[in-house]
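Peer 1: I'll drop the sequence and a predicted model, then ask my questions.
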Amino acid sequence: MKIIFILIISLTATALIAAPIIPTALGMAWRYNMTQEVDHGLTVPDAKPDPDGKIRAPVVYRIDGTENVDGKELLKFEMHRAGVITNTDLLTVDERGVFCWARINLDGELVKFNPPQPMIAMPLKRDASWNFDGQAGDLKVQQHYEVTGEEDVQVPAGKFHAVRIRSEQTSPSPMTIDRWFAAGTGIVKDVTTIRAANGDLLERISLELAEPPRVTDRPEVKPEAAPKKLSVSFAKDQFGKASTTFSSDTPRIYARWRGQRLRKGAKVRAVWIAENIDIGEDVPPDYKVDEASAVAESPTAHGAFALSRPEDGWAIGDYRAEFYVDDVLVEMVKIKIVK
C-alpha cells in the first residue's frame with residue numbers, strides 16, 4: 001500500500017481567496033471510494049482484489065485536532081483505511097497557502113519536511129505553478145505542481161466543476177498526481193500513478209468523493225490490521241503471472257518483492273531453502289540453497305531476485321523462501337518443484 005498525500009481544499013481557480021482554503025472544524029471528514037491497481041506481477045498484502053484484479057475499499061480523511069511539533073501547533077489530518085491509520089498529515093493554513101510540516105507514517109514514525117512542503121501555494125490562479133525541492137526525513141523530494149485548467153467531473157458524491165492540478169515528482173521515485181478541486185467542497189478526485197523506468201504501470205490509486213464532507217466520529221482503529229512491510233511473489237518471468245509451482249526445467253525463477261513502508265537503506269534479503277527434495281542422497285533438513293539481498297532506496301522500493309536453473313535441473317521437492325527486512329523475518333512463501 002502506497003503513502004497518499006491528500007489535502008482537502010476549498011478554492012477558486014482564478015483569484016486569491018479571502019476565505020479559509022481548508023475547513024478546519026474538529027471531526028470534519030471526507031469519505032472516498034478508493035481503487036488500487038498494481039502490476040500483475042505484484043501483490044498488496046492483506047488485500048483481496050475484485051475479479052477485475054483491482055482492489056476497492058472505502059477510506060476516510062478526517063481532522064482529529066492538532067499536534068504540537070517543535071513548538072508549532074499543526075492541524076492533524078488522519079487517513080483511515082480498513083481500521084488502520086495509514087498516515088497522518090500535519091499541516092498549517094495561512095495566507096501563503098497550505099503547508100505540510102511533518103507526516104506520521106504507519107509505524108508511528110514522525111517524518112519532518114525541510115522546508116515545509118507547499119501543497120497549495122497562494123495566490124492560486126489559472127496557470128499557477130510551484131515547486132517543492134526539499135527533504136522528507138532522509139529522503140530527497142522534488143515535485144512540480146501546475147494548475148492545468150477547469151473541468152466538470154462526475155464522482156459518486158455528484159457532479160462538480162473543479163480545478164485540475166497536476167504534480168510531477170522526480171525524486172525519490174517518479175510519480176504523477178492528478179487532483180480535482182471543487183470550490184466549497186475540496187478534493188473530489190485524486191489519481192496517483194507510479195510507473196517503472198520502462199513505462200510499465202507499477203501502481204495506480206484513485207480516490208473519488210463518495211459523499212459531501214461532514215463532521216463525523218473518528219473511525220474505529222484496529223492496530224492488528226496494519227499491513228505487512230513486504231509483498232512477495234514468484235514467477236517464471238520477471239513480469240509474468242505469479243505461481244508457487246514450477247517444473248524442474250524452468251530456466252529461471254524470479255522472487256519478486258515490494259516494500260510498503262521501508263526505511264531508506266533497509267536491507268531486503270531472500271533466502272531459498274530446500275525442505276524436502278529428491279536428489280538421491282541425504283540432504284539435511286532446511287538446507288540453504290542460495291540467498292540474495294538488496295538495499296531499499298525508498299519506502300516503496302521494489303525488485304526481483306533471479307534464481308537460475310542448475311545444470312542438471314531443479315531438484316524435485318518442496319522449498320520455501322524466507323524474506324527478511326533488516327534481518328527480521330517478514331514473509332515466507334512455500335514453493336514446489338515438479339517434473
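Peer 2: Perfect, thanks for sending it.
Peer 1: Next one: residue 105 from residue 160, what distance?
Peer 2: Using Cβ to Cβ, to the nearest Å, we find residue 105 at a distance of 31 Å from residue 160. Every residue, glycine included, has its C-beta placed from N, CA and C.
Peer 1: who has more neighbours, the two?
Peer 2: Per other Cβ atoms under 10 Å, whichever of residue 105 and residue 160 has more neighbours is residue 160, with 21 against 17.
Peer 1: Just the element for that one, please.
Peer 2: strand 158-171 (DSSP states H and E).
Peer 1: in that strand, what's buried?
Peer 2: 160, 162-167, 169 (16 or more other Cβ atoms under 10 Å).
Peer 1: again with stretch 126-145
Peer 2: Quick answer for stretch 126-145 (16+ other Cβ under 10 Å): 128, 130, 132, 134, 136-137, 139, 141, 143, 145.
Peer 1: Widest-spaced pair of those residues?
Peer 2: Maximum pairwise distance among the buried residues of stretch 126-145 (Cβ to Cβ): 28.1 Å, between 128 and 137.
Peer 1: Poorly predicted segments of this protein, please.
Peer 2: Within the chain, the segments meeting pLDDT under 70 span 1-20, 40-47, 197, 223-227, 279-282.
Peer 1: Mind naming the longest strand for it?
Peer 2: strand 139-155 (DSSP state E).
Peer 1: now what about that strand, what contacts it?
Peer 2: 13, 113, 117, 121, 124-135, 159-172, 180, 182, 188-189, 208-210, 264, 298 (Cβ atoms under 8 Å, 6 or more residues apart in numbering).
Peer 1: now swap in stretch 209-217 and tell me
Peer 2: Around stretch 209-217, the neighbours that count as contacts under Cβ under 8 Å, 6+ apart are 8, 23, 25-33, 58, 60, 62, 155-158, 185-189.
Peer 1: Pull out the buried residues from the residues you listed.
Peer 2: Burial by neighbour count, 16+ other Cβ under 10 Å: within those this picks out 8, 23, 28-33, 60, 62, 155, 157, 185-189.
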